[in-house]
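[1] Sharing a model prediction with you, sequence too.
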Amino acid sequence: MELNLMWTGNGDGSKGSNSPDGNKANDFASQKSHRVNFDWREFRANLFAQEKAGKAESDAHNQTGTPQESKPLGLKWAHPIPVPETGCVLVATEKLDGVRTFERTVVLLLRSGTRHPQEGPFGVVINRPLNKKVRHMKPTNMELATTFADFSLHFGGPLEASMFLLKTGEKTKLEEFEEVIPGLCFGARNSLDEAAALVKKGVLKPQDFRFFVGYAGWQLDQLREEIESDYWYVAACSSNLICGGSSGSSSESLWEEILQLMGGHYSELSRKPKRDV
């Protein structure tokens, strides 16, 4: 079985496509943001955890007659959400077992997309380290060949484009890059010069970056249909999981951890062996 992943741009990541190399990857930089320094995702996760704890407390109280104390949210959390949003993760279900490109993957959605055929949702697989450095790819870009030569590479998806994630810290706003969630931005080939300049100035450190070979992209209805067909679970999870999740870990550990944190039948899936296809 093979998923019909679609990319409506040209192979060179030309402008006007849903490729992250297009103009829209830099549109965000020209928009002055006046956001409050507040992670609404964490606020929502707290509400979700309180609701979940309330149900568990009610059940426990009914069984034992003793109320149970609710646990604090903690640094690592994940919970299901009904529809994709920028900064969410797509967690491969058992239906993708045997599909080598996507089995047991976690895809960070960098943009949730629009209905325009060239502006669909796209993201990167964040739990597939390649055990290679940038220099092993013999890059022609000067900054990749020098400043970023010894940075680790990760498989980002089957579609052609070089991308990177950049951990900025929740209090740092870098207008040169597009924010995915508080403290995490992304960039493409056309923003390498800006990234290199910040490294040379000491504003950013090598460990703040994660470079990806390829990315995953869909048309909006296509992704919706794959979710409705149970190929993906949609979840929100903490930046601690996304930013620190997989730089040296096995490809399945982050997948398992997110499902376990989601609880219920999701947690049960994390313990199942791969299906024979």
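    Done, it's in.
[2] Regarding Arg115, what is its secondary structure?
    In terms of secondary structure, Arg115 is coil; the call rests on DSSP: H, G, I helix; E, B strand; the rest coil.
[3] count of neighbours near it?
    For Arg115, the number of neighbouring residues by other Cβ atoms under 10 Å comes to 9. C-beta here means a position set from N, CA and C on the backbone, and glycine is covered the same way.
[4] so it sits right up against Leu223, yeah?
    No - using Cβ atoms under 8 Å, Arg115 is not in contact with Leu223, being 11.5 Å away.
[5] In the chain, which residue is most central in space?
    Among the residues of the chain, Leu108 comes closest to the average C-alpha position under Cα atoms, centre = their mean, at 1.6 Å.
[6] Which helix or which strand is home to Leu130?
    Taking DSSP states H and E as the criterion, the element that holds Leu130 is strand 129-133.
[7] send the alpha carbons of that strand over as CSV?
    Presented in CSV, the C-alpha positions along strand 129-133 are these (Å, rounded to 0.1, in the frame of the first residue of the first chain):
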residue,chain,number,x,y,z
PRO,A,129,17.7,10.7,12.2
LEU,A,130,19.9,9.7,9.3
ASN,A,131,23.3,9.3,11.1
LYS,A,132,24.9,11.6,8.5
LYS,A,133,26.3,15.1,8.6
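[8] Skip ahead from the one helix or strand Phe48 maps to and say which helix or strand is next.
    Secondary-structure element containing Phe48, defined by DSSP H and E: helix 40-64. Counting by DSSP H and E, the next helix or strand C-terminal to helix 40-64 is strand 78-80.
[9] Packing partners of that following strand?
    The criterion is 3 or more Cβ pairs under 8 Å, 6 or more residues apart in numbering; DSSP states H and E, and the helices and strands that strand 78-80 contacts are helix 40-64, strand 232-237, helix 253-262.
[10] For the last one, name the packing helices and strands.
    Packed against helix 253-262 by the contact rule (3+ Cβ pairs under 8 Å, 6+ apart) you find strand 78-80, strand 89-92, strand 106-111, strand 232-237, helix 239-244, helix 264-270.
[11] returning to what we had before: can you mark which positions in the strand holding Leu130 are buried?
    Applying a neighbour-count criterion of 16 or more other Cβ atoms under 10 Å, one finds Pro129 buried in strand 129-133.
[12] Ok, which of the helices and strands packed on helix 253-262 comes nearest Phe151?
    Closest to Phe151 of the helices and strands packed on helix 253-262 is helix 239-244 (Cβ to Cβ; 15.4 Å).
[13] pLDDT score for Ser270?
    According to the model's per-residue confidence, Ser270 sits at a pLDDT of 92.
[14] any idea how far the closest residue to it other than its chain neighbours is from Ala235?
    For Ser270, ignoring the flanking residues on the chain, the nearest one in space by Cβ to Cβ, 6 or more residues apart in numbering is Leu259 at 3.8 Å. Taking Cβ to Cβ, to the nearest Å as the measure, Leu259 falls 9 Å from Ala235.
[15] Then Phe122?
    Taking Cβ to Cβ as the criterion, Phe122 is separated from Ala235 by 18 Å.
[16] just Ile81 next, same as before
    Using Cβ to Cβ, we find Ile81 at a distance of 6 Å from Ala235.
[17] Find the residues that touch each one of these two.
    By Cβ atoms under 8 Å, 6 or more residues apart in numbering, Ile81 and Ala235 have these common neighbours: Cys88.
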